[in-house]
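Undergrad: Got a predicted structure here, sequence first:
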Amino acid sequence: MLTVRQALGGPWAANFSGWAILFFPSTFLVFLFDYRISELSSIEVLLIAVAEHLAAGLTALVVAFIFRKRYGNFTLPVSFTLWILIGVTRGTVGAVLVELWAGADPQYFWRIAFWILIACVWMPLFVYTAAQWEHRVTLTATKSLLEALRDEERKHSIEPADHVHKRLIAAVQSAISPVVEEIRRSLEVVSNGIDPIAMRRIGDQLAAVANEASAIVSGKLDTHAGHSEITAGNRITAFHAAIDFERQRPVLASVLTGIALATITLPIGLASNGLFGLGAALAATGVTTAALLLRALVNVLVQPHGYKFRGLVVLVIYAGAGLLGSLTVIVVSSGRLTHENGLLVFLLPFASVLLSSLITGTVGLSAANQILVDDIAELDHERHDLEIIAQVTEERVRKDLATLMHGPVQGRLSACVMALNFHAAELEQGNPDRVESITRAVLEHLEAASTDLDSLGKTVLADARP
């Protein structure tokens with residue numbers, strides 16, 4: 001199970017994927033913060049956002065690379081120190097560019113404090129959720145794989161003994177027959193003209209095929225169809241399935257969303273319209289948080305439906321809660337939409353959806369992943385039990401087949417190997433007189449081994465029927 005320490009100190013604490021994902025939310029925050037500066041055009045605000053993101057990302061990724069190469073994963077203090085560094089970098093770069101391009105008050109302290117606050121609140125939530133969700137994708141794919149393996153073992157566990165015999169003999173025949181047929185053709189062609197090297201090579205081929213047959217019968221080579229494995233298709237399916245999990249403790253998630261939302265709305269409200277803006281932001285955040293509590297009730301009503309429908313309903317609630325917050329801002333402002341309160345009106349629906357989605361994932365993913373871990377453990381135990389049941393029948397069949405094959409098939413193959421090696425030595429010593437008779441004898445043994453294997457299959461299958 002992925003712990004908080006592992007999640008916050010793992011790859012998502014600072015990586016390229018996270019940096020790319022956070023570009024749009026952070027750019028939106030830059031627009032909100034600098035919207036009130038009339039001297040800046042929209043293009044200049046966008047350039048400031050891009051410059052902040054590039055500077056913060058470059059700093060974080062370089063520091064993370066150096067640290068991980070030397071020390072491995074982060075500890076929690078290291079992660080928070082890095083996120084604070086990101087906040088300082090963003091605030092400093094933004095202040096310098098505002099002063100340079102607009103000649104306005106850069107507000108170094110407020111900018112740096114705002115971005116440190118955002119980094120220390122949002123980054124742990126984002127990193128933890130991303131790490132748990134990635135872990136969930138892997139767990140879901142693993143569960144799918146184990147279900148397939150369990151189903152395979154269930155089929156093997158109820159496989160009749162005569163089917164096991166048939167499968168094993170078919171595997172032995174497919175290993176032996178092509179090689180034996182090839183050697184027979186070679187011996188018939190060369191007959192008297194065979195040399196010692198060719199004779200030893202044929203002997204080595206027969207020894208190898210005899211060993212392979214023995215390995216099949218003894219169980220050292222698997223005769224089952226190819227096992228399932230995690231593929232790209234499995235992971236795509238798991239990717240979609242990982243979205244569908246129960247969002248637990250909706251009340252807690254709503255309260256945490258309100259707290260996280262306040263880290264954005266209160267500084268923006270204060271910067272836009274002083275204490276009045278702060279009060280409006282506080283009221284709007286409270287209304288949004290209260291509206292989000294409706295999710296607890298809706299959870300019960302939409303639970304029987306599919307995850308797509310549930311997700312759509314939940315997104316509507318998140319956006320609706322934000323819109324209620326926006327209306328609250330307008331009502332507090334005597335029903336007027338002004339340049340000062342327009343920031344909060346525009347911010348709340350977007351922030352409500354983003355933060356609610358993020359925090360419900362943060363709250364629910366850990367518990368949902370633990371359920372998956374328990375399911376995987378149960379599946380693995382079930383698969384192991386079925387494997388043992390299948391092995392009992394298979395081991396008995398293998399033992400009987402090994403006894404029956406030892407004489408008629410493997411004995412003849414071993415005799416051919418010994419004869420070929422022995423007479424290869426005679427040829428090397430200049431005694432070619434018996435080559436033709438030995439070749440004929442080997443051919444007879446190979447023919448007999450093939451015949452015995454075919455008849456052995458019919459006999460064993462008849463004897464093994466339950």
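TA: Everything's here; your move. Residues are numbered from 1 along each chain as shown.
Undergrad: Quick check: Gln205 touching Val179?
TA: Yes. At 6.0 Å, Gln205 counts as touching Val179 under the criterion of C-beta atoms under 8 Å. Backbone N, C-alpha and C define where each C-beta goes, glycine included.
Undergrad: ranges for the strands of the stretch 101-250 of the chain?
TA: With DSSP state E, counting those that start in this stretch, there are no strands along the stretch 101-250 of the chain.
Undergrad: Next, Phe28: phi, psi?
TA: phi -60, psi -40 (degrees, to the nearest 10).
Undergrad: Leaving out sequence neighbours, find the closest residue to it.
TA: Spatial nearest neighbour of Phe28, chain neighbours left out: Phe350 (6.7 Å); criterion: C-beta to C-beta, 6 or more residues apart in numbering.
Undergrad: The nearest residue to Ile112 once chain neighbours are set aside: how many residues sit nearby?
TA: Closest residue in space to Ile112, ignoring its immediate chain neighbours: Gly91 at 3.3 Å, by C-beta to C-beta, 6+ apart. The number of residues packed near Gly91 is 26, by other C-beta atoms under 10 Å.
Undergrad: Arg383 too?
TA: Neighbours of Arg383 under the rule other C-beta under 10 Å: 19.
Undergrad: Give me the pLDDT for it.
TA: On the pLDDT scale, Arg383 is placed at 86.
Undergrad: State the helix or strand in which it lies.
TA: helix 342-406 (DSSP states H and E).
Undergrad: Can you tell me which residue sits nearest the middle of this structure?
TA: Centroid check for the chain by C-alpha atoms, centre = their mean gives Thr138 as the closest residue, at 3.1 Å.
Undergrad: Please tell me how far it sits from Phe74.
TA: Remark: distance between Thr138 and Phe74 (C-beta to C-beta, to the nearest Å) = 20 Å.
Undergrad: Ok, Arg5 next?
TA: Counting by C-beta to C-beta, the gap from Arg5 to Phe74 is 9 Å.
Undergrad: so where's the stretch 251-400 of the chain uncertain?
TA: Within the stretch 251-400 of the chain, the segments meeting pLDDT under 70 span 272, 295-296, 298-308, 310-311, 333-344, 393-394, 397-398, 400.
Undergrad: actually the stretch 101-250 of the chain, sorry about that
TA: Using pLDDT under 70, the stretch 101-250 of the chain drops low at 159-165, 186-196, 217-248.
Undergrad: if you set the cut-off to 50 instead, what comes out?
TA: In the predicted model, the stretch 101-250 of the chain carries pLDDT under 50 at residues 226-228, 230, 232-236.
Undergrad: Hmm, Leu117 is touching Gly87, no?
TA: Yes. Using C-beta under 8 Å, Leu117 is in contact with Gly87, at 7.5 Å.
Undergrad: Between the two, which has more neighbouring residues?
TA: More neighbours surround Gly87 than the other of Leu117 and Gly87, with 21 against 15 (other C-beta under 10 Å).
Undergrad: and the particular helix or strand that has the more buried one in it, which residues are buried?
TA: Applying DSSP H and E as the criterion places Gly87 in helix 76-102. Using 16 or more other C-beta atoms under 10 Å as the test for burial, helix 76-102 gives 78-80, 82-98, 101-102.
Undergrad: tell me the domain boundaries of this protein?
TA: Following automatic domain parsing, one gets these domains for the chain: 1-137, 159-231+407-464.
Undergrad: Count the neighbours of the nearest residue to Val96 once chain neighbours are set aside for me.
TA: Of all residues not flanking Val96 in the chain, Pro106 sits nearest, at 6.8 Å (C-beta to C-beta, 6+ apart). Neighbour count of Pro106, defined by other C-beta under 10 Å: 18.
Undergrad: I'd like the distance between Pro106 and Val93.
TA: Going from Pro106 to Val93 by C-beta to C-beta gives 11 Å.
Undergrad: Ser357 now?
TA: 28 Å.
Undergrad: Next: Arg5.
TA: Distance from Arg5 to Val93, by C-beta to C-beta: 31 Å.
Undergrad: what do you get for Asp374?
TA: For Asp374, the distance to Val93 - C-beta to C-beta - is 47 Å.
Undergrad: Then Thr285?
TA: Thr285 is 28 Å from Val93, where distance means C-beta to C-beta.
Undergrad: Then Leu252?
TA: In terms of C-beta to C-beta, Leu252 sits 36 Å off from Val93.
Undergrad: With Leu379 instead?
TA: Distance, Leu379 to Val93, by C-beta to C-beta: 50 Å.
Undergrad: thinking again about what came up before, comparing Arg5 and Phe74, which residue is more hemmed in?
TA: Phe74 (22 against 13).
Undergrad: For that one, what are phi and psi?
TA: phi -80, psi 150.
Undergrad: Please report how far the residue lying closest to it once chain neighbours are set aside lies from Leu297.
TA: Leaving aside its chain neighbours, Phe74 sits nearest to Gly9 (3.9 Å; criterion: C-beta to C-beta, 6+ apart). The gap separating Gly9 from Leu297 is 37 Å, by C-beta to C-beta.
Undergrad: Please apply the same query to Leu347.
TA: From Leu347 over to Leu297 the distance is 26 Å, taken as C-beta to C-beta.
Undergrad: Between these two, point out the one with more neighbours.
TA: Per other C-beta under 10 Å, whichever of Leu347 and Leu297 has more neighbours is Leu347, with 26 against 11.
Undergrad: hang on, isn't the more buried one packed against Ile268?
TA: Yes. Look at Leu347 against Ile268 with C-beta under 8 Å: they come within range, at 6.5 Å.
Undergrad: Next, show the common contact partners of those two.
TA: Common neighbours of Leu347 and Ile268, using C-beta atoms under 8 Å, 6 or more residues apart in numbering, are Leu32.
Undergrad: got the angle between the helix or strand where Asn273 lies and helix 342-406?
TA: If you go by DSSP H and E, Asn273 is part of helix 250-292. Angle between the axes of helix 250-292 and helix 342-406 is 150 degrees (criterion: axes from the mean of the first three to the mean of the last three C-alpha atoms, to 10 degrees).
Undergrad: Point out the other helices and strands that helix 250-292 packs with.
TA: In terms of contacts (3 or more C-beta pairs under 8 Å, 6 or more residues apart in numbering; DSSP states H and E), helix 250-292 is packed against helix 23-34, helix 108-157, helix 294-302, helix 307-332, helix 342-406.
Undergrad: Quick one: closest of those to Leu58.
TA: When these are compared for distance to Leu58 using C-beta to C-beta, the nearest one is helix 23-34, at 13.2 Å.
Undergrad: buried residues in that closest one?
TA: For helix 23-34, a neighbour-count test (16+ other C-beta under 10 Å) marks 25-34 as buried.
Undergrad: Report the next helix or strand after it in sequence order.
TA: The first helix or strand that comes after helix 23-34 along the chain, using DSSP H and E, is helix 42-71.
Undergrad: Thank you, goodbye.
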